[in-house]
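Trainee: Give me a model of this one.
(chains A and B)
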Number of protein chains: 2
Amino acid sequence: MTKASVCTIGDEILIGQIVDTNSSHISRALNSLGIRVGKMVSIADDAAQIKDCLEAELRENDIVVCTGGLGPTKDDITKETLARMSGAQGWVENQEQKEIIIRILSSRGLQILDINLKQALVPDSCQVIPNKLGTAPIMVFRFPAGRFGHPAVLYSLPGVPFEALGALPDVLEDIRTHFGLGAIVHSTMMTYGLAESALAKLIEPWESALPADMHLAYLPNPVTGVRLRLSVYDADDSAPQRISAQFGLLKPILGDYIYAMEDTSLEAVIGALLRGSGQTLSCAESCTGGMISHLLTTISGSSEYYLGSVTSYHPDVKAKVLGVDPKVIESQGIVSAAVAAAMARGVRALTGSTYSVATTGWADSYGDDREPAGTVWVGVDGPAGTRTARFNFRNDRKRNIERFAASALNELRKYIISAK
Amino acid sequence: MTKASVCTIGDEILIGQIVDTNSSHISRALNSLGIRVGKMVSIADDAAQIKDCLEAELRENDIVVCTGGLGPTKDDITKETLARMSGAQGWVENQEQKEIIIRILSSRGLQILDINLKQALVPDSCQVIPNKLGTAPIMVFRFPAGRFGHPAVLYSLPGVPFEALGALPDVLEDIRTHFGLGAIVHSTMMTYGLAESALAKLIEPWESALPADMHLAYLPNPVTGVRLRLSVYDADDSAPQRISAQFGLLKPILGDYIYAMEDTSLEAVIGALLRGSGQTLSCAESCTGGMISHLLTTISGSSEYYLGSVTSYHPDVKAKVLGVDPKVIESQGIVSAAVAAAMARGVRALTGSTYSVATTGWADSYGDDREPAGTVWVGVDGPAGTRTARFNFRNDRKRNIERFAASALNELRKYIISAK
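Mentor: Have a look, this model is predicted:
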C-alpha cells in the first residue's frame, strides 16, 4: 500500500494561533485515492528542522505532502531549504506562475514588487504545478530510489487553506499518474442516544464477527452522537456492498438509535425529512437559549421549512408570547413536562408550523426542588399530538446546552419519522 | 527554554474525518507558560507507531503532551502501549476516577459496565490527574534522565476536546510545579472592528516603542476580533503594572475598538454592563437564526437581564409576532435598515426590555437586487432611540452568521455604553 505523510510548516501553527485544517483535507483526499496517511507533523519555520523532518518522512513514506512556509517574506525559508535538500544547481523562473502573479496582483490593484515576482523562481530540481489561486507555485520533487531507499515524491504546497485546497486536485492527479494505487472504501453510520461503551456492548457479537479485512472505528462526539465507521483497505469492487451488508445487520440491533447512513448531523437529517414535503417547523427555547434555532439555520435552504422561534428566557415571555398558563408554571414547575408541552403548542399556534419543538431546563447550577441542574424537558408538537421527554446531563453550562439541543433535535427527528 | 511536543493519537485524525483542535489549544497554553512547542505530530492507533513516536519525542523534548486513544473500546490501545513503554509492573485502580465514572454514568441514567470501570485502571508506573469531565483519567509518566538523556514527562490526555481542555489547567499546574519555570506575566486587550493589518498599522509607533522585554502578540479571530497580548517572561513584581501602563497608552489610540481588558467575549461584556443595573435585553433575529440569543445565554446568570428573543425566519413571523409592516418589507427590502429597526422596536415592545438588538441579512448565496449576499443590517433599540448599522462579509454561510452575530453584539455594546 502506498504510504504518505502530511506536514505543515509554520510558527503560527506551533504557537497555537492557527488550527491546521490543511492536513485534515489533504489526508481525506489521499485516503480517497487508497493512500494510507501514517503521520501528520507540524514543524516550525526552521531550516534544520524542515530538512530533518522531511528527510525522515521521505525515508518512511512514498509520498510527503507539505504545506506552508512559501510566503514572500524573510521568515518563510521552505523553498531555499528544499532547493538545498534536493541538490538544486540553480533557479529557474516559471513563466506560467509569473503570469498568474502579475494577473492576481493587478486584479487587486496592487503594485507588482520584486518580492512578488521572486515567487515564480523555483529550484531547477523540481517540477512545477502552477498555483492558480495564489502567488507561490506548487513544487514537486521526485527522489530516485537511491536517495531514501525507495522512490519518493515530495509535494510542497502553499499554506493558505484556500490555495492549498485549490491545488489539491492537480496534486492528486499527479499522484494518481505516478503510483499504482489500490482503493480504500469507508462508510459511516450515525447513531444518537447511546454512549460509546453501551453501544460497544450492544454490538459486540456483530463486531467480533466482522470479516478480517474490515476495520471498525468508534467516533464519539458528546453532541452529535457516536459515528461508526467501517473501512476496507486495498478494496475491490465488492467492498461497498460488503460494508453495506454488514451495516444492514446492525439495523435491527440499533433501531432508531441510527439516524443516518452518512456523515451528517441531526439538523441536516431533519432538513432532509422536511425539504420538499411542504411541512414546516418552529421552536420555542428556554434553557437552550437559541441554540436549536441556530443549528437548524446552519443548514443552507432551511428557510424553506423553518419559520422561526421564540426564546422565552423570562417566564413572562413564556406566558405573553407563547401563551403558557402561569398557573401551570407555578403548579408544575418551570422545568416540567407540562411547560415543555405548552411551549411547543404555543409556538406552533403562533407560527402555524406543522411541527414544533420546545425545551425548558436548568443548564447549570440553579435547579429547583422538582428537577436538579442539568435536567431538560423536551416537548414536541405536531399532527400526532404532543410528546415530551426528559434528559439529565452532568456537564458544564455550555456542554449541557449543546446536549439539550441535540436531545431535542433527536426527539423531533423521531416524531417526524413516526408522523410521516 | 523548556521544550515540548504535542501528539494526537487516533485514526480519525489521519483519515481526515476530524480536524485536530486539541494540539492548537495545548500549544497555546504551553506557550503561555513560556514553553516552546517545537513539533506537533498526529499518529494512528497503532502500538508500534505510538511507542516509536512518543519515545522519539521524549528524546527531543522535556515534555510530551499526547491526547487520544483512551476510549473504552478495543481500537483504543494507548494505555496498554504506555504501560509497556514505561515498564509498568501491574495495574492499579484509581479510586477517585472510579467514583467519577460511576457518578457520570449514574447521572446520565446509564448502566455501569465493566468496560467503563476498567477505565479507572492505570499502569502502576504513572501518576493520575483525575478527569472530572469524562471517564478516562489523565496519566502522568515521569522518566528519569537515564531513559531519554534528560528528565522527561509524558502527559496522556483524553482525545475528546471538551475533556482535554477541561484537564489542561491541572496539567499546566503540574508542569509549573515540576519544571523551574520563571514567572510569566501576560495581559490581554480585546478589540473588535479592526482587521489585524489595519490594527497593526494604527498602533505601529506604540509597538516600536515597547520596552525590549515586552512581547506583543496579535491573536486574530474572525468572530471575536483581534486580541492583543503583552507578555513579560522571567517577570518581576513590577511587570503587571508596566504592562498595564503600556496598554493605557493604547486607549486614546483605539477608543471604542477596545471592548475589554481581559480575555473575554462581547456577550460577557454585555452581561457585565447589564448585571445589577436592573436593565434588560431582548433580541430579534433573522439571518443569525438564534445565534445571538445562544451567545447571550452561554453567560451564566444571563437570566437576570436577558428576557428572550424571536427568530423571525419567515417574513410572516416578522409581521405577525414582531409587528413589522409588510409594506416596509416590500418597499425597503427584507434586508434593510428599516426592517432591522422595526424588528428591534418590535421585540422590545413585545418583551418590554430596556434594550433590543435585531439582525436581517443574507447569510449565503441568496442576496437580492438591493443587498448582496454577506450583508447584514443590525438594529439596536433602547431609551436613546433606534440605531442601525450595515456590515458586509465575504465568508461562507457558517462564518457569515458568526460574524453577523458578533457585529450585532458589538453594536449593542456600544449603544449600552453610550446610553448609560
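
Trainee: Can you show me the CA trace of stretch A:89-97 as PDB?
Mentor: Output of stretch A:89-97 as PDB, limited to C-alpha atoms (Å, rounded to 0.1, in the frame of the first residue of the first chain):
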ATOM      1  CA  GLN A  89      22.100  23.600  -9.200                       C
ATOM      2  CA  GLY A  90      20.200  26.900  -9.800                       C
ATOM      3  CA  TRP A  91      16.900  28.700 -10.000                       C
ATOM      4  CA  VAL A  92      14.500  28.900 -12.900                       C
ATOM      5  CA  GLU A  93      11.700  31.300 -13.500                       C
ATOM      6  CA  ASN A  94       8.300  29.600 -14.100                       C
ATOM      7  CA  GLN A  95       6.700  31.600 -16.800                       C
ATOM      8  CA  GLU A  96       3.200  30.400 -16.100                       C
ATOM      9  CA  GLN A  97       3.300  31.200 -12.400                       C
END
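
Trainee: list the buried ones in that stretch?
Mentor: Residues of stretch A:89-97 classed as buried by neighbour count (16 or more other C-beta atoms under 10 Å in any protein chain shown): A:Asn94, A:Gln97. All C-beta atoms are positioned from the backbone trio N, CA, C, and that covers glycine.

Trainee: and for it, what are the contacting residues?
Mentor: The contact list for stretch A:89-97 (C-beta atoms under 8 Å, 6 or more residues apart in numbering or on different chains) reads A:83, A:119-125, A:128, A:130-131, A:135, A:137.

Trainee: Return the residues of the stretch 51-200 of chain A in contact with chain B.
Mentor: Listed as neighbours of chain B in the stretch 51-200 of chain A under the rule C-beta under 8 Å from any C-beta of the partner chain: A:Cys53, A:His186, A:Ala195, A:Glu196, A:Ser197, A:Ala198, A:Ala200.

Trainee: was I right about the third one contacting B:Arg108?
Mentor: Right, A:Ala195. Yes. Here A:Ala195 reaches B:Arg108: they are 7.1 Å apart, a contact under C-beta atoms under 8 Å.

Trainee: Can you pick out the residue with more neighbours from the two?
Mentor: A:Ala195 (21 against 16; other C-beta atoms under 10 Å in any protein chain shown).

Trainee: any idea of the pLDDT on the more buried one?
Mentor: Here, the pLDDT recorded for A:Ala195 equals 88.

Trainee: ok, it - contacts?
Mentor: So A:Ala195 contacts A:Pro220, A:Val226, B:Leu105, B:Arg108, B:Leu110 (C-beta under 8 Å, 6+ apart).

Trainee: just to revisit the earlier point, and the contacts of stretch A:89-97, which of them are in helices?
Mentor: A:Ala83 (DSSP state H).

Trainee: Report the two of the contacts of stretch A:89-97 separated the most.
Mentor: Farthest pair in those (C-beta to C-beta) is A:Ser125 and A:Thr135. Separation: 20.8 Å.

Trainee: quick one: which of these two has more around it?
Mentor: A:Thr135 (24 against 19).

Trainee: is any part of the longest helix seen in chain A close to chain B?
Mentor: Taking DSSP H as the criterion, chain A has its longest helix at helix A:397-419. Yes. Judged by C-beta under 8 Å from any C-beta, helix A:397-419 and chain B are in contact via A:Arg397, A:Lys398, A:Arg399, A:Ile401.

Trainee: Which strands or helices does that helix pack on?
Mentor: With contacts defined as 3 or more C-beta pairs under 8 Å, 6 or more residues apart in numbering or on different chains; DSSP states H and E, helix A:397-419 has these neighbours: helix A:266-274, helix A:291-297, strand A:355-361, strand A:375-382, strand A:385-392.

Trainee: Please point out which parts of that helix sit buried.
Mentor: So helix A:397-419, judged by 16+ other C-beta under 10 Å, has buried residues A:397, A:399-416.

Trainee: and it, how far from the chain's centre?
Mentor: Taking the mean of its C-alpha atoms, helix A:397-419 sits 20 Å from the chain's own mean (C-alpha atoms, centre = their mean, to the nearest Å).

Trainee: do the same with stretch A:159-179
Mentor: 20 Å.

Trainee: Would you mark the buried spots in that stretch?
Mentor: A:159-160, A:163-168, A:170-172, A:174-175, A:179.

Trainee: Report the rounded mean pLDDT for that stretch.
Mentor: Rounded mean pLDDT across stretch A:159-179 is 89.

Trainee: now swap in stretch A:205-214 and tell me
Mentor: 94.

Trainee: Pull up the distance across that stretch, start to finish.
Mentor: Using C-alpha to C-alpha, to the nearest Å, the end-to-end distance of stretch A:205-214 comes out at 15 Å.

Trainee: which residues touch it?
Mentor: Outside stretch A:205-214, the residues touching it (C-beta under 8 Å, 6+ apart) are A:200, A:216, A:230-234, A:242-243, A:246, A:249-250, A:253, B:74.

Trainee: in what helix or strand does the most far-flung residue of chain A relative to its centre lie?
Mentor: Within chain A, the residue lying farthest from the chain centre (C-alpha atoms, centre = their mean) is A:Lys327, at 45.0 Å. Assessed by DSSP states H and E, A:Lys327 sits inside helix A:326-332.

Trainee: Name the residues that touch that helix?
Mentor: Contacts of helix A:326-332 (C-beta under 8 Å, 6+ apart): A:Pro315, A:Lys318, A:Ala319, A:Ser336, A:Ala338, A:Val339, A:Ala342.

Trainee: mind giving me a markdown table with the residues of the stretch 51-200 of chain A next to chain B and columns for secondary structure and distance to B:Leu30?
Mentor: Output for those, formatted as a markdown table (DSSP: H, G, I helix; E, B strand; the rest coil; distance: C-beta to C-beta, whole Å):
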| residue | secondary structure | distance to B:Leu30 |
| --- | --- | --- |
| A:Cys53 | helix | 19 |
| A:His186 | strand | 34 |
| A:Ala195 | coil | 31 |
| A:Glu196 | helix | 29 |
| A:Ser197 | helix | 31 |
| A:Ala198 | helix | 35 |
| A:Ala200 | helix | 33 |
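
Trainee: and of the residues you listed, the nearest to A:Thr67?
Mentor: Closest to A:Thr67, out of all of those and judged by C-beta to C-beta, is A:Cys53, at 13.3 Å.
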